[in-house]
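*Asks:* Attaching a predicted model along with its sequence, questions to come.
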Amino acid sequence: MNQEKQDSNHHVAWKDRLGLNQQWMRDIQACSQAHGTEDYVNQVDRFRNDIINIKNGPKLYDIINKRWTDIIAVDGSQSLKQWIQTNPQESRIEEEVTAAQERIRQAQAESLYHYIVQTLEENGFGFYQSDIPEDEISLSDLD
């Protein structure tokens with residue numbers, strides 16, 4: 001009886017509500033596949049857009065956007081200013097500035113991606129292996 005009660009109360013986190021873990025897993029896969037391509041920045045931005053504040057739970061969207069605004073975006077601006085100062089000739093050429101901006105955006109996207117995944121994990125939204133049949137069925141929906 002005790003095992004039966006435990007099984008009936010078990011659910012994959014948020015699966016029964018919005019399928020957030022499923023969507024975030026798809027976002028992680030899309031970011032991984034796009035890494036090193038021009039589309040990577042867009043995929044990470046889409047991942048950030050899919051993050052929400054959890055009602056009666058962690059304010060994931062606020063946490064991640066604070067990191068973006070206070071640290072990652074500021075670091076990007078400082079990196080561009082530093083590049084302009086150390087590359088006075090190249091900074092006069094529009095194509096060179098655009099290339100530098102793209103390198104900085106790629107670095108920002110990598111930093112943001114890792115922060116999102118780490119924030120999800122630290123707040124109990126990690127992805128795990130399970131021997132519970134319900135989990136196996138839910139995880140197979142990702143394929």
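*Replies:* Noted; the coordinates are in hand.
*Asks:* does L60 really touch I54, like I thought?
*Replies:* Yes: using CB atoms under 8 Å, L60 is in contact with I54, at 6.2 Å. Bear in mind the C-beta positions are built from the backbone N, C-alpha and C, glycine included.
*Asks:* what about the residue nearest to H35 when sequence neighbours are not counted, how many neighbours?
*Replies:* Nearest residue to H35, sequence neighbours excluded (CB to CB, 6 or more residues apart in numbering): E110, at 7.9 Å. By the criterion of other CB atoms under 10 Å, E110 has 16 neighbours.
*Asks:* who does the helix or strand E110 falls within touch, helix- and strand-wise?
*Replies:* Assigned by DSSP states H and E, E110 belongs to helix 94-122. Secondary-structure packing of helix 94-122 (3 or more CB pairs under 8 Å, 6 or more residues apart in numbering; DSSP states H and E): helix 20-34, helix 40-49, helix 60-67, helix 73-86.
*Asks:* any chance of the ones you listed in JSON lines, plus distance to R105?
*Replies:* Shown next, in JSON lines, are the helices and strands packed on helix 94-122 (distance: least, CB to CB, whole Å):
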{"stretch": "helix 20-34", "distance to R105": "13"}
{"stretch": "helix 40-49", "distance to R105": "5"}
{"stretch": "helix 60-67", "distance to R105": "16"}
{"stretch": "helix 73-86", "distance to R105": "7"}
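*Asks:* any chance of the ones you listed in TSV, plus mean pLDDT?
*Replies:* Below are those laid out as TSV (pLDDT from 0 to 100):
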stretch	mean pLDDT
helix 20-34	92
helix 40-49	97
helix 60-67	97
helix 73-86	96
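*Asks:* rewinding a little: the helix holding E110 to helix 20-34, inter-axis angle?
*Replies:* For helix 94-122 against helix 20-34, the angle by axes from the mean of the first three to the mean of the last three CA atoms, to 10 degrees is 150 degrees.
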